[in-house]
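Student: sharing a sequence plus its predicted fold:
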Amino acid sequence: MQTMRDQIVSRIKRLEKGQAFSAKDFLDIASRAMTDMTLAALARQGAIRRVRRGLYDVPRINPALGGELTPDIDEAARAIARRQRWKIVPDGVWAANLLGLSTQVPAKIVYLTDGPNKEIPIGRRVIQLKHARPKTLAGLDGKSALVVQALRHLGKDRLESSQLEKLRALLSPIERRKLVKDTRFGVEWIYEIAKKLSEEPA
């Protein structure tokens, strides 16, 4: 029978490179004290990396450089949000970047949240959490939220056909149908794009 430590290690081994997590992600397995001790020990052994206090990741390695890559900002932000039970949505240019619709990397990485305004350093970057009205975040989550924020940034008349095709390829049929459902009471032009994405290309 696996010990609680073994179960924590086993779950971490199933994570993909770059995934971030905190002790709260393991509280269904062990107590907070046991989890903290296990994660601290694994970090000392180099099995995982301590990104900041209470936050860890499975570091990605660059074979050519033979070293660890910087933490995945989006993964870190989502792990922090899970820990604090905040809802977060990447804002504007960052959402477009995450979807591959823009190569522009914003100077400030902003997430809208139902939590407080906050700045959180992650490596050399800083995540800015910006409190948003409940209406802004209502009914949106996952890929739908990401797409809506990216479209708002790009604007009604600036979405290119290549970007539309990229979105269609990124979203599964289920995700496309969900996007239509999630945007039907929102901004009309975004809803029209969602409907266009749900159609199979001729």
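Tutor: Everything's here; your move.
Student: from here on, contacts and neighbour counts on C-alpha atoms
Tutor: Noted.
Student: what's Val51 sitting at in phi/psi?
Tutor: phi -80, psi -40 (degrees, to the nearest 10).
Student: is it true that it touches Gly123?
Tutor: Yes: at 7.2 Å, Val51 counts as touching Gly123 under the criterion of Cα atoms under 8 Å.
Student: which neighbours do these two share?
Tutor: Pro71 (Cα atoms under 8 Å, 6 or more residues apart in numbering).
Student: of those two, who's got more company?
Tutor: Val51 (21 against 12; other Cα atoms under 10 Å).
Student: need the contact list for that one.
Tutor: 57, 71, 122-123.
Student: now with 10 Å, please.
Tutor: By Cα atoms under 10 Å, 6 or more residues apart in numbering, the contact list for Val51 reads 20-21, 43, 57-59, 70-72, 76, 121-123.
Student: over to Arg32?
Tutor: Contacts of Arg32 (Cα under 10 Å, 6+ apart): 23-24, 26, 38.
Student: just put the contacts of Val51 in CSV and tack on secondary structure and distance to Leu98.
Tutor: Conversion of those to CSV gives the following (DSSP: H, G, I helix; E, B strand; the rest coil; distance: Cα to Cα, whole Å):
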residue, secondary structure, distance to Leu98
Ala20, strand, 16
Phe21, strand, 19
Ala43, helix, 28
Asp57, strand, 19
Val58, coil, 20
Pro59, coil, 19
Thr70, coil, 16
Pro71, coil, 15
Asp72, coil, 11
Ala76, helix, 14
Pro121, strand, 19
Ile122, strand, 17
Gly123, coil, 18
